[in-house]
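**Q** Predicted model and sequence follow; I will ask about them next.
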Amino acid sequence: MAYQVTARKWRPRQFDEVVGQDHITATLKNAIDSGRVAQCYLLCGPRGVGKTTTARILAKALNCSARQGSNPCEECDSCKSIAASTSMNVLEIDGASNNSVEDIRELREVVRYAATEGTYKIYIIDEVHMLSTAAFNALLKTLEEPPEHVVFIFATTEVQSVPDTILSRCQRFNFRRIPTGQIADHLAVIAKAEQIEVEEGALHLLASRADGALRDAESLLDQVASFGGEVSKQVVGQVLGLVDRDLYFELVGAIHDASPERVLDLVTRAIDEGADVEEFVHGLVELLRHLLFVKVQGGTDKLDVAAEDRSRYDELAVDIAAEDVLRMMQSLLDLAADLRRSVQPRFRVEIALVHLALMGRSVDVGQLLQRLQALEGAAPGGQGRSAAGPAAPPAVVERPRVERQEPSIAQKPRVQQERPPVAEKSPMQEEPPPIGERAAAQKQASPPSVAERPAAVAHAAAPATERPAVANQPPSASGAAQSRDNADGPSFEDVRQGWGDLVQAVRDAKPSLALFLSGATLLGLEAHVLKLGFSADDRFAMAQVNKNRDSVEEICLQKFGRRLRLEGVIQEGGETVAKEKAPPPQSDPTVRSVLDTFDGELV
């Protein structure tokens, strides 16, 4: 008989021989025993995990005439013909080469004929995701209501490419990647039966290289066995181009010891032995992953590696912190992504590894603080403090509040009497206005004359004899400050009397802003700053007034002949100045117009 590769020779023939897919084989066996056979099965998963093999075992079990239990007998004519791929009742179709509508139309015509022998006529479509969209649509009706003697079995590695309309008509089984330990144990059984001398560490290397695919591991075993002699780790590394795992352990130790010269020597040794740069980085990441697993789990009991490597992982995990392992893994994963675009991949690897070696170890902040406290306690000046306990926080010394007191009338200089009357000043002798007023005056085309000024200014320009003397009417402390600060502008009483006209002027320009101003309370006027009080619920109104204060200040300049700075404050307690009762919002023309238009009401 001609030579057969290990993957074909050791293909499972019973459900119990399928490796690592117990959750699927148990379900199919129970379905066969109970007679709950579906019209379509979808087997999906990565390559080399037993999808097509399970489909053939299921086909043999359904048509086996001498079946005992759920496994096929392998002795009847049906089982032998299916194993030899000569059965007329089990048709295997390649989805990649039979993906047109014509192929599906031909399949629909054939499924109407009953099986020549056995109970079912079974159609196995491998790589079903390769069918075209039109072919899937043509298969929908037949797949949903097939003849009673027809069973479809689909196999695919890209289940995301299968339409949902197909998935909803199938029983889906997800095949998993086979663990490395189970692959190594199965390879040991094959090697013993084939009389191949192999080391345990070599089997784990082959299983790890297969990445969960048993068929790949069996193919690698064939390749290494053909080299001749005993299959050892050195032979596996030499044939497959793998890097010796001892070199990885030495490299991680060199990085931890901050020895860049050793790191460069180990990289050179790996490259000189013929290792691929990307494969070298991949192997180092895998070792760091196992090391992180040991650090997190606290031991190697659950680690899926060879027994001889467990002790080395334990020794290495004692000195390296988990934070350092995470940092190295992150750097190497970023490096692996950049190697595909790099012109000098070896140079990039050397830079990354030297950078890790010179980076130093990570330090826990809590431990660092404890060390600093220990050093402070050991200092000559810190013994008494550490013995007496933690030092009390420094006392907060409150500075005495100095209340501003206005001088009495007798102590005040009589500025009002010594200053010449305002009416006697000529326009050329007036003091220059502040910078803010000067800029506002420049915006106007021509400054207003004395005759055109408002009544408030005319009132301010009245002779001094018409004003009451300071000694005859002593003002309060705040009133004295306001009269002194606002000697060359409108008084607070003038602003209060003209506030309604100002709000109306603002309403003509910006109706919404006037609504916010009408709810404010006049608190005082100091140094040309008009303070407006708002309640805690009117923060939005205060924000809008502060946002549009420039427009209101321009109107103040026109009304009072002086630019007043607006300042909104929140009134925490009682009002310092009696608040005039604001008119209800319904009296505002704009609000009343909106209410009439939309038939609304204020809440």
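**A** Yep, that arrived. All values reported here derive from a predicted model rather than from experimental measurement. Numbering: from 1, shown residues only.

**Q** Taking the centroid of this protein, which residue is nearest it?
**A** Q330 (17.0 Å; Cα atoms, centre = their mean).

**Q** what about the stretch 401-550 of the chain, any weak spots by pLDDT?
**A** Confidence mapping of the stretch 401-550 of the chain against pLDDT under 70 gives the ranges 401-488.

**Q** again, only using 80
**A** Where the stretch 401-550 of the chain drops to pLDDT under 80, the residues are 401-490, 512, 515, 519, 527-528, 536-538.

**Q** ranges for the strands of this protein?
**A** Counting by DSSP state E, the segments of the chain that form strands are 40-44, 90-94, 121-126, 150-156, 171-174, 521-526, 529-534, 565-570.

**Q** Could you dump those strands into TSV with distance to Q223 added?
**A** C-beta: built from backbone N, CA, C; applies to glycine. Output for the strands of the chain, formatted as TSV (distance: least, Cβ to Cβ, whole Å):
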stretch	distance to Q223
strand 40-44	28
strand 90-94	26
strand 121-126	25
strand 150-156	26
strand 171-174	30
strand 521-526	92
strand 529-534	85
strand 565-570	82
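
**Q** Reformat these as a markdown table; add distance to M542 and mean neighbour count.
**A** Listed next are those as a markdown table, based on distance: least, Cβ to Cβ, whole Å; neighbours: other Cβ atoms under 10 Å:
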| stretch | distance to M542 | mean neighbour count |
| --- | --- | --- |
| strand 40-44 | 65 | 23 |
| strand 90-94 | 77 | 18 |
| strand 121-126 | 74 | 23 |
| strand 150-156 | 67 | 24 |
| strand 171-174 | 63 | 15 |
| strand 521-526 | 11 | 19 |
| strand 529-534 | 4 | 20 |
| strand 565-570 | 4 | 16 |
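
**Q** between those strands, which one is nearest to D314?
**A** Judged by Cβ to Cβ, the one of the strands of the chain that comes nearest to D314 is strand 171-174, at 35.1 Å.

**Q** got the contact list for the closest one?
**A** Here strand 171-174 makes contact (Cβ atoms under 8 Å, 6 or more residues apart in numbering) with I24, T27, L28, A38, C40, Y41, L42, L43, C44, G45, T54, V159.

**Q** Export those as a markdown table, with columns for distance to D304.
**A** Converted to a markdown table, the contacts of strand 171-174 look like this (distance: Cβ to Cβ, whole Å):
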| residue | distance to D304 |
| --- | --- |
| I24 | 21 |
| T27 | 26 |
| L28 | 27 |
| A38 | 35 |
| C40 | 35 |
| Y41 | 30 |
| L42 | 29 |
| L43 | 25 |
| C44 | 24 |
| G45 | 19 |
| T54 | 24 |
| V159 | 26 |
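
**Q** Thought L143 was touching C40, still the case?
**A** Yes: shown here, C40 and L143 form a contact pair, counting by Cβ atoms under 8 Å, at 5.8 Å.

**Q** Need the overlap of contacts for these two.
**A** F152, R169, C170.

**Q** For the second one, give me its contacts.
**A** This means R169. Applying Cβ under 8 Å, 6+ apart to R169 gives the contacts Q39, C40, L140, L143, E144.

**Q** Any of those buried? List them.
**A** Q39, C40, L143 (16 or more other Cβ atoms under 10 Å).

**Q** can you redo those as JSON lines with pLDDT?
**A** Formatted as JSON lines, those follow (pLDDT from 0 to 100):
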{"residue": "Q39", "pLDDT": "92"}
{"residue": "C40", "pLDDT": "94"}
{"residue": "L143", "pLDDT": "90"}
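
**Q** Tell me the one of those residues nearest G241?
**A** Comparing those against G241 with Cβ to Cβ places C40 closest, at 43.0 Å.

**Q** beta partners of that closest one?
**A** F152 (DSSP bridges).

**Q** gap between it and K295?
**A** As judged by Cβ to Cβ, to the nearest Å, C40 and K295 stand 47 Å apart.

**Q** same check, this time on G201
**A** 23 Å.

**Q** now swap in D22 and tell me
**A** 31 Å.

**Q** more neighbours, the two?
**A** K295 (20 against 12; other Cβ atoms under 10 Å).

**Q** so what's the more buried one up against?
**A** Applying Cβ under 8 Å, 6+ apart, we find K295 in contact with A317, I320, A321, A322, V325.

**Q** hmm, which of those are the buried ones?
**A** Neighbour counting over these (16+ other Cβ under 10 Å) leaves A317, I320, V325 as the buried ones.

**Q** State the distance from the closest residue to E92 other than its chain neighbours to V101.
**A** Of all residues not flanking E92 in the chain, I124 sits nearest, at 4.6 Å (Cβ to Cβ, 6 or more residues apart in numbering). Taking Cβ to Cβ as the measure, I124 falls 20 Å from V101.

**Q** Can you show me the CA trace of the longest helix anywhere in the chain as PDB?
**A** In the chain, assigned by DSSP state H, the helix with the most residues is helix 277-297. What follows is helix 277-297, C-alpha atoms only, in PDB (Å, rounded to 0.1, in the frame of the first residue of the first chain):
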ATOM      1  CA  VAL A 277      13.000  38.100  12.800                       C
ATOM      2  CA  GLU A 278       9.200  38.000  13.100                       C
ATOM      3  CA  GLU A 279       9.300  34.400  14.300                       C
ATOM      4  CA  PHE A 280      11.900  35.500  16.900                       C
ATOM      5  CA  VAL A 281       9.600  38.300  18.200                       C
ATOM      6  CA  HIS A 282       6.600  35.900  18.200                       C
ATOM      7  CA  GLY A 283       8.400  33.400  20.300                       C
ATOM      8  CA  LEU A 284       9.600  36.000  22.800                       C
ATOM      9  CA  VAL A 285       6.000  37.300  23.200                       C
ATOM     10  CA  GLU A 286       4.800  33.700  23.800                       C
ATOM     11  CA  LEU A 287       7.300  33.200  26.600                       C
ATOM     12  CA  LEU A 288       6.400  36.500  28.200                       C
ATOM     13  CA  ARG A 289       2.700  35.500  28.000                       C
ATOM     14  CA  HIS A 290       3.500  32.300  29.900                       C
ATOM     15  CA  LEU A 291       5.600  34.300  32.500                       C
ATOM     16  CA  LEU A 292       2.700  36.700  33.000                       C
ATOM     17  CA  PHE A 293       0.400  33.700  33.500                       C
ATOM     18  CA  VAL A 294       2.700  32.400  36.200                       C
ATOM     19  CA  LYS A 295       2.800  35.800  38.000                       C
ATOM     20  CA  VAL A 296      -1.000  36.200  37.900                       C
ATOM     21  CA  GLN A 297      -1.900  32.600  38.900                       C
END
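
**Q** Which positions in it come out as buried?
**A** 277, 280-281, 283-285, 287-288, 290-295.
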